[in-house]
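Engineer: Need the 3D shape of this:
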Amino acid sequence: MGGFGLLGLTLFIIGQWSFARVTIGAVLATASATSLIHLWRVRDTLLNSLRLIPTPPVVPALVVAFVLTITAIGGLAEPVGDWGTDGVAYHLVGPKVWLREGVVRPVPDNAPTSYPSTAEMVFAALMAFGGQRAPGFSAVLTISLFLMLAGSLALRCGLDSSGAWWVAAIAVIMPALYGGAHSGFVDVTYASFILAAARVGFDAEERIHFTAFGIFCGLAAATKYPGLVALPALLFCAVWPRKGFLHKEGFKRAGIAAISACVVASPMYLRNWILLGSPIYPPPATATHFLHVKYFSANALRGFYAWSIHRGQGHGRGLVKLFLLPFNLTYHTADFHGAGGIGLAPLAFGPMGVIASRHNYFSRRLALLGALLLVLWFVSLQESRYLIHVYAISAVLAVIGWRYSVSLLVKRGRLLSAIVVGLSILYGLYMIGSSRLADIHSVFSSSYARKRRQMEIPFVESFDFLNRDPSVSRVLILDPSVPAYYSDKEYLKPFGQWGEQVLPTAPTPEDVLARLGELKISHILDVRSSISEFRVPANFPGVVLVFERPDQKVYRMSGLE
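Structural biologist: Alright, predicted model coming up:
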């Protein structure tokens, strides 16, 4: 997992100067050679370790294998969706534009492409050599790494190999967790860095260990902004209470970890500060009084903040709502924008897991971290995907609690416990399998793939026309809702989805159309969408209508004839 993160960070730093295919290939070749040399040096130890791995229990191993298989098959499907699909809205847009332009820069009309992008950098490398479907297929790797980390935490909390497999199975069938793991989402990668930091930090003793702990904290912050919120909780749980809260050595260790985290994450935030005017972009509301950022007007920022507050309110706040979270996250995850629940096992056995592991200091720290992260999430942005690391911790505690409960119960109680776990698994398999049916169907049926493409890619006919026409050099897209991911050609989108204003001196479509010549536009994609009518007036001078379908028109600059 550390190698995955450092690869993304390296690509990001080098990409500020050059992001050509040859540059990416050189980085990948160097990383691969380094890995192979290290594996060769430890080959005997590795082989001996592999021989000692016990045979996994059948049921959880089959569950994990099933989910990974449908992930691999579904990952081969073509990305589709509109501007409400995060993958095509921004996670995959940035990599595609960076590869086309040969440099890593925030896309002016797409503020989320300025977000911390460790995972997206790896997506770009995958796209460079594996095409547009490679990032979707890579979910097999990232989910596997996540499950290994969850299993490692389980082993460290005292479970045996069989228990670690059950933790992996219960975690991987959580629909709310799985929804943040595929189709361009990076939430499982972010959660993996949090879990890796906990695994290293809670056993750290020497300063070099705290440096490694800080690196994982920094990779989390370099993957998603919530990593900044998680950092204090991780530091507190890793340092406390080894020699007291105010012990000098504790401050040193926390300082070492914090400095390491800041060094690792700083390239992402410094780039934004230099190019956009704020290290966090869009900036927090309290910072707008002294930060003047590019591309966002005051009204656009207010709209973005209003949307964020509405999006993250969940079931509300307050002490009662906090205590009801375990129930609501189990049965009402959709209210937190989750793709399904997390199953019955965490709610049924998690509290017993906390009791059963109270004498294991690592388990206590892990439970405390989960509680702190849950509270921080509760008071900030209640988006289900941002809680995936806590879902993994709940899976560990659930298996511990399950086994502890079985040891105390008679035969009927054990049967009831097995039914609870079985229902969790069956529910998750049904939800996850049904959510990927369309992807899997499109992989095996070319006719269905064409039909799905026509139905789920907005204005697909126009994009196909523009992408095939060799005379197209730069496309003007006037409607903010048009997903520019589907354009293989360079484009200018003056108005972004979140109110970004790419051309401050041309605040309206009419102003943009008046400057077509100086903007070096070759074609215009004009659409009638859910938010606007056509923007190009009838008989507009200087353009020729060359393609038309319902709700979509393509114009060519008349000088290109």
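Engineer: where's Thr330, which helix or strand?
Structural biologist: helix 325-331 (DSSP states H and E).
Engineer: what packs against that helix?
Structural biologist: helix 345-356 (3 or more Cβ pairs under 8 Å, 6 or more residues apart in numbering; DSSP states H and E). C-betas here are computed from N, CA, C, even on glycine.
Engineer: Which strands and helices lie in contact with the host helix or strand of Ala128?
Structural biologist: Using DSSP H and E, Ala128 sits within helix 118-130. Applying 3+ Cβ pairs under 8 Å, 6+ apart, we find helix 118-130 packed against helix 2-15, helix 21-41, helix 93-101, helix 134-137, helix 187-201.
Engineer: Just the buried residues of it, please?
Structural biologist: Across helix 118-130, burial judged by 16 or more other Cβ atoms under 10 Å covers 118-128.
Engineer: Report the separation between Ile274 and Met268.
Structural biologist: Distance, Ile274 to Met268, by Cβ to Cβ, to the nearest Å: 11 Å.
Engineer: between the two, who's got more neighbours?
Structural biologist: Counted by other Cβ atoms under 10 Å, Ile274 and Met268 do not tie: Met268 has more neighbours, with 25 against 10.
Engineer: What are the phi and psi values at the nearest residue to the more buried one once chain neighbours are set aside?
Structural biologist: Distances taken as Cβ to Cβ, 6 or more residues apart in numbering put Pro116 closest to Met268, at 4.6 Å, once the chain neighbours are dropped. Torsion angles at Pro116 (phi, psi; degrees, to the nearest 10) stand at phi -50, psi 130.
Engineer: How about Ser49?
Structural biologist: phi -70, psi -40.
Engineer: pLDDT at it, what is it?
Structural biologist: Note for Ser49: predicted pLDDT of 85.
Engineer: and it, how many neighbours?
Structural biologist: By other Cβ under 10 Å, 10 other residues sit near Ser49.
Engineer: Check Ala29 too.
Structural biologist: Ala29: 10 neighbours (other Cβ under 10 Å).
Engineer: For it, give me the pLDDT.
Structural biologist: 94.
Engineer: again with Leu322
Structural biologist: Taking Leu322 on its own, its pLDDT is 86.
Engineer: So it is in contact with Trp377, correct?
Structural biologist: No. Look at Leu322 against Trp377 with Cβ atoms under 8 Å: they stay out of range, at 10.7 Å.
Engineer: So these two - more neighbours on which side?
Structural biologist: Trp377 (23 against 15).
Engineer: Please compute how far the helix or strand containing the more buried one lies from its chain's middle.
Structural biologist: Following DSSP H and E, one finds Trp377 within helix 361-379. Going by Cα atoms, centre = their mean, to the nearest Å, the spacing between the C-alpha centre of helix 361-379 and its chain's C-alpha centre is 21 Å.
Engineer: number of nearby residues for the spatially closest residue to Tyr90 that is not a sequence neighbour?
Structural biologist: Distances taken as Cβ to Cβ, 6+ apart put Pro112 closest to Tyr90, at 3.8 Å, once the chain neighbours are dropped. When counting by other Cβ under 10 Å, one arrives at 20 neighbours for Pro112.
Engineer: residues touching Pro112, list them.
Structural biologist: Applying Cβ atoms under 8 Å, 6 or more residues apart in numbering, we find Pro112 in contact with 89-91.
Engineer: Please apply the same query to Leu416.
Structural biologist: Here Leu416 is in contact with Leu409 (criterion: Cβ under 8 Å, 6+ apart).
Engineer: same thing but 10 Å
Structural biologist: Shown in contact with Leu416 (Cβ atoms under 10 Å, 6 or more residues apart in numbering): 348, 405, 409.
Engineer: tally of neighbours for the residue nearest to the first one when sequence neighbours are not counted?
Structural biologist: Excluding its sequence neighbours, the residue lying closest to Ala348 (Cβ to Cβ, 6+ apart) is Val420, at 4.9 Å. Residues within reach of Val420, counting by other Cβ under 10 Å, total 19.
Engineer: Would you tell me what helix or strand Val420 is located in?
Structural biologist: Taking DSSP H and E as the definition, Val420 sits inside helix 411-435.
Engineer: That helix: which residues count as buried?
Structural biologist: Taking 16+ other Cβ under 10 Å as the criterion, helix 411-435 shows 417, 420-421, 424-425, 427-429, 431-432, 435 as buried.
Engineer: I'd like the mean pLDDT over stretch 62-71, please.
Structural biologist: Per-residue scores along stretch 62-71 average to 96.
Engineer: One more: stretch 103-115?
Structural biologist: Mean predicted confidence for stretch 103-115 is 93.
Engineer: ok, now which ones touch Asp109?
Structural biologist: 93, 295, 477, 480, 484, 491-498, 500-503.
Engineer: Which ones among these lie within strands?
Structural biologist: 477, 491-492 (DSSP state E).
Engineer: And those, which of them are buried?
Structural biologist: 477, 491-492.
Engineer: about what we covered before: please tabulate the contacts of Pro112 in CSV, including the columns neighbour count.
Structural biologist: Shown next, in CSV, are the contacts of Pro112 (neighbours: other Cβ atoms under 10 Å):
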residue, neighbour count
Ala89, 20
Tyr90, 23
His91, 24
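Engineer: Leu147: which of the residues you listed is nearest?
Structural biologist: His91 (21.5 Å; Cβ to Cβ).
Engineer: Next one, pLDDT for that closest one please.
Structural biologist: In this prediction His91 is given a pLDDT of 93.
Engineer: For it, give its distance to Tyr485.
Structural biologist: 9 Å.
Engineer: Overlap in contacts, these two.
Structural biologist: Going by Cβ under 10 Å, 6+ apart, residues that sit against His91 and also against Tyr485 are 79, 85, 184.
Engineer: will you turn these into TSV that also has neighbour count?
Structural biologist: As requested, the shared contacts of His91 and Tyr485 are arranged in TSV below (neighbours: other Cβ under 10 Å):
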residue	neighbour count
Pro79	21
Thr85	18
Gly184	24
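Engineer: list the contacts for the residue most central in space within the chain?
Structural biologist: Closest residue to the average C-alpha location of the chain: Val186 at 1.7 Å, with Cα atoms, centre = their mean. Shown in contact with Val186 (Cβ under 10 Å, 6+ apart): 8, 86-87, 91, 115-120, 122-123, 135, 142, 180, 223-224, 385.
Engineer: Recalculate using a threshold of 7 Å.
Structural biologist: 91, 119-120, 223-224 (Cβ atoms under 7 Å, 6 or more residues apart in numbering).
Engineer: can you check Ala20 too?
Structural biologist: Ala20 neighbours (Cβ under 7 Å, 6+ apart): Gly102.
Engineer: Distance check, it against Trp98.
Structural biologist: Ala20 is 10 Å from Trp98, by Cβ to Cβ.
Engineer: Over to Leu545?
Structural biologist: Distance from Leu545 to Trp98, by Cβ to Cβ: 33 Å.
Engineer: Who has more neighbours out of these two?
Structural biologist: Set Leu545 next to Trp98 and count neighbours by other Cβ under 10 Å: Trp98 wins out with 27 against 15.
Engineer: Which residue, neighbours along the chain excluded, lies closest to Tyr305?
Structural biologist: Ala285 (5.2 Å).
Engineer: So what's the residue count around that neighbour?
Structural biologist: For Ala285, using other Cβ under 10 Å, the count is 13.
Engineer: now swap in the one 4 residues further on and tell me
Structural biologist: A count of neighbours around His289, defined by other Cβ under 10 Å, yields 8.
Engineer: That one in helix, strand or coil?
Structural biologist: Following DSSP: H, G, I helix; E, B strand; the rest coil, His289 is assigned to coil.
Engineer: Phi and psi next, for it.
Structural biologist: Per degrees, to the nearest 10, the backbone of His289 is at phi -70, psi -30.
Engineer: ok, now which ones touch Met557?
Structural biologist: 516, 521-522, 542-543.
Engineer: repeat that for 6 Å
Structural biologist: Contact analysis of Met557 by Cβ atoms under 6 Å, 6 or more residues apart in numbering lists Ser522.
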